[in-house]
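# how does the following fold in three dimensions:
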Amino acid sequence: MYKIIILLAILLTKTIAFAQNNNQTPNTAQEYDLLKAPISPASNLLGFAQSEIDKPTDVSEFMVSLQSASNSYTQLPSNYAIDIAPYWLLKSKNLGDITTSGLSSSSGKNVIPQSLVLSFAIKNVDSTSLNFNKDNTYAGFGFKFSIYRGEYDTDTKKSLAKIKNLQEVKLKAMNKNLDNSLEKLAEEIADLEKARKDVFNGIDFNDESEDNLKLIELLNKKAEKMNLEIEQKMEALLSTSEMNKEITTIDEEIKKEASKFQLTRTGFTWDIAGGISGEFYNKSFDQGKIYNAGIWTTMGYTTEKSGAFLGIVRYLYNPERIFALDNSINEFNSVATFDTGFRYILGESQAKLNASLEAIYRSYFTESEADNSWRLMFNIDYAILKNQKLTFSFGKNYDGTTTKDGNLVAALGIVFGFGNKR
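Numbers count the residues shown, from 1 in each chain. Predicted structure coming up:
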């Protein structure tokens, strides 16, 4: 089972280059800033997600997360996550409704496939880790999709309205350009058209003699050459028209507006996520076992000025988890946990800098020697460039199963989003 999961991850990752090369976006497409929040259900399962409560958002085709959380950041990142959006990565000519109206809808049959994310993560730990074995490697697979993804905020709607108005002005200019070009065309190629009509004057098409047939063949070639000359004349008129300068100016305005355009959503949001992870002995994928598996849902409400308030309900199953009991031999036990929590994100809907506070309480469904635990985390993320986000988290993680004292965590990460042309 574990080999199949890893093989699937490798195969899907290798399809990225092929899919992007064979599904080229038209030249009119524009790259948008879609990286509004780190999304990685797999890293959530393995305990190194910057935040465990994410709000639904439009997704990048391909996302990469790198994180360092130990040795005072003197090591290279040891935790990695790759998230792909199949709907956009493997896009075809028939995508359903991807018009402005279709993408702005908060619910409907297209929302789930458009927001679906498949997630893969690898976690390596060092001797300071309390809840993971430093000799082993951990890998996870997860998924996430939205049922309600919210509506576009005011700035997004204003940008869309401006682009729509510019497109209408462009269409009128193109129609006017065509009318003017046709008038000039009628004047400038009238002689060519007349000459083409006169090519076959006096020719007897009923005469099937060899000389007459050869003459008709030569005249046909001459007429084809004249047709080509007329077409070239038409193209020249259309491309050199003064009206095209106006169209070019409008195109530049549209590109300028689209370059700063953000797909930002507000209102009620609801998503579903889940996955499974494995622990592989001695950092080899030949031997391993299930580390944990779970499913969770996140609901919330996002405003334009006051931020977002989100809540999570999550079920996790941890088979054969080791407990370090006082004055006793370590024991294996299967543990099922139930998490409830909230996250408040402070920041305007299109702000580059966001800060949040996240609190989650973990209780045990099954009998366990471990006490109920909790997680309190302060997060900051900053959009350093388009589709690149720097994140920092600091706080107290769950007590875990090998200690009752809890552990303090600080993590620095960077998230990249690729393939965001729409």
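# which residue is nearest the centroid of the protein?
The residue lying closest to the centre of the chain (CA atoms, centre = their mean) is residue 60, at 1.3 Å.
# look up the pLDDT of it for me, please.
Looking at residue 60, its pLDDT reads 76.
# isn't it right next to residue 89, touching?
No - using CB atoms under 8 Å as the test, residue 60 is too far from residue 89 to be in contact (9.2 Å). (C-beta placed from N, C-alpha, C; glycine too.)
# can you give me the pLDDT of residue 404?
Residue 404 carries a pLDDT score of 42 in this model.
# all strands of the stretch 51-200 of the chain, in order?
Using DSSP state E, counting those that start in this stretch, the strands of the stretch 51-200 of the chain run over residues 62-68, 79-84, 117-124, 137-152.
# show me what the second one is packed against.
Packed against strand 79-84, as judged by 3 or more CB pairs under 8 Å, 6 or more residues apart in numbering; DSSP states H and E, are the following elements: helix 2-22, helix 41-45, strand 62-68, strand 117-124.
# now for the last one, which elements pack on it?
Think strand 117-124. helix 2-22, helix 41-45, strand 79-84, strand 137-152.
# helix or strand with the lowest mean pLDDT in this protein?
Lowest by mean pLDDT, DSSP states H and E among the helices and strands of the chain is helix 2-22, with a mean of 40.
# got the domain ranges for the chain?
The chain breaks down into these domains under automatic domain parsing: 2-153+264-418, 159-259.
# from what I see, residue 196 and residue 226 are in contact.
Yes - at 4.5 Å, residue 196 and residue 226 qualify as touching, with contact defined as CB under 8 Å.
# picking that back up, now the residue nearest to the centre of the chain: how far from residue 371?
According to CB to CB, to the nearest Å, residue 60 stands 39 Å off from residue 371.
# next one: residue 297
Distance from residue 297 to residue 371, by CB to CB: 26 Å.
# residue 192 now?
Computed as CB to CB, the residue 192 to residue 371 distance reads 92 Å.
# quick one: which of the two has more around it?
Shown here are residue 192 and residue 371; by other CB atoms under 10 Å, residue 192 has more neighbours (14 against 11).
# what residues are up against that one?
226, 229, 230, 233 (CB atoms under 8 Å, 6 or more residues apart in numbering).
# ok, residue 366 next?
By CB under 8 Å, 6+ apart, the contact set of residue 366 is 333, 334, 335, 336.
# is it correct that the second one is in contact with residue 319?
This means residue 334. Yes - using CB under 8 Å, residue 334 is in contact with residue 319, at 4.8 Å.
# neighbour count: the two, which is higher?
residue 319 (14 against 11).
# how far away is that one from residue 278?
Shown here: residue 319 relative to residue 278, a distance of 11 Å by CB to CB.
# if we can go back for a sec, reformat the contacts of residue 366 into CSV and put distance to residue 390, pLDDT and secondary structure next to each item.
Output for the contacts of residue 366, formatted as CSV (distance: CB to CB, whole Å; pLDDT from 0 to 100; DSSP: H, G, I helix; E, B strand; the rest coil):
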residue, distance to residue 390, pLDDT, secondary structure
333, 39, 72, strand
334, 38, 80, strand
335, 34, 83, strand
336, 36, 87, strand
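# quick one: buried ones out of those?
Listed as buried from the contacts of residue 366 are 333, 335, 336; burial here means 16 or more other CB atoms under 10 Å.
# out of the residues you listed, the closest to residue 123 would be?
residue 335 (18.8 Å; CB to CB).
# how about the closest one, nearest residue that isn't a chain neighbour?
Among residues not flanking residue 335 along the chain, residue 318 sits closest, at 4.4 Å (CB to CB, 6 or more residues apart in numbering).
# which intervals of the stretch 101-250 of the chain have sub-threshold pLDDT?
Along the stretch 101-250 of the chain, the model assigns pLDDT under 70 to residues 126-131, 177-189, 234, 236-244.
# tell me where it has helices.
Per DSSP state H, counting those that start in this stretch, the stretch 101-250 of the chain carries helices over the ranges 111-115, 154-188, 190-197, 210-240, 243-259.
# how far is the shortest one from where the chain is centred?
Computed by CA atoms, centre = their mean, to the nearest Å, the separation of helix 111-115 from the middle of its chain amounts to 11 Å.
# what do you get for the last one?
Its chain's C-alpha centre lies 27 Å from the corresponding centre of helix 243-259 when counted by CA atoms, centre = their mean.
# now the angle from it to helix 210-240?
60 degrees (axes from the mean of the first three to the mean of the last three CA atoms, to 10 degrees).
# before we move on, what about the third one?
Taking the same axes, to 10 degrees, one finds helix 190-197 and helix 210-240 inclined to each other by 160 degrees.
# next, the buried residues of helix 190-197.
residue 196.
# sorry, back to before: of the strands of the stretch 51-200 of the chain, which approaches residue 365 most closely?
Closest to residue 365 of those, according to CB to CB: strand 137-152, at 20.9 Å.
# so which elements touch the closest one?
helix 2-22, helix 41-45, helix 111-115, strand 117-124, strand 265-280, strand 288-302.
# that one pairs with which strands, parallel or anti?
According to DSSP bridges, strand 137-152 has the following sheet partners: strand 117-124 (antiparallel), strand 265-280 (antiparallel).
# most tightly packed of the ones you listed?
strand 117-124 (a mean of 23; mean count of other CB atoms under 10 Å).
# ok, and what's touching that one?
By CB under 8 Å, 6+ apart, the list of residues contacting strand 117-124 from outside reads 9, 12-13, 39-43, 45-48, 59, 63, 78-86, 132, 137-145, 275, 277, 283.
# show the backbone phi and psi for residue 57.
phi -160, psi 170 (degrees, to the nearest 10).
# wait, it touches residue 149, no?
Yes - with contact defined as CB under 8 Å, residue 57 reaches residue 149; the gap is 7.2 Å.
# give me the common contacts of these two.
Residues touching both residue 57 and residue 149 (CB under 8 Å, 6+ apart): residue 265.
# more neighbours, those two?
Neighbours per residue (other CB under 10 Å) separate residue 57 from residue 149, with residue 149 holding more: 26 against 21.
# and the residue lying closest to the more buried one once chain neighbours are set aside, what does it touch?
Spatial nearest neighbour of residue 149, chain neighbours left out: residue 56 (4.6 Å); criterion: CB to CB, 6+ apart. Residues near residue 56 by CB under 8 Å, 6+ apart: 115, 146, 148, 149, 150, 265, 269, 270, 271, 298.
# tally of neighbours for the closest residue to residue 174 other than its chain neighbours?
Excluding its sequence neighbours, the residue lying closest to residue 174 (CB to CB, 6+ apart) is residue 247, at 6.3 Å. By other CB under 10 Å, the residues close to residue 247 number 17.
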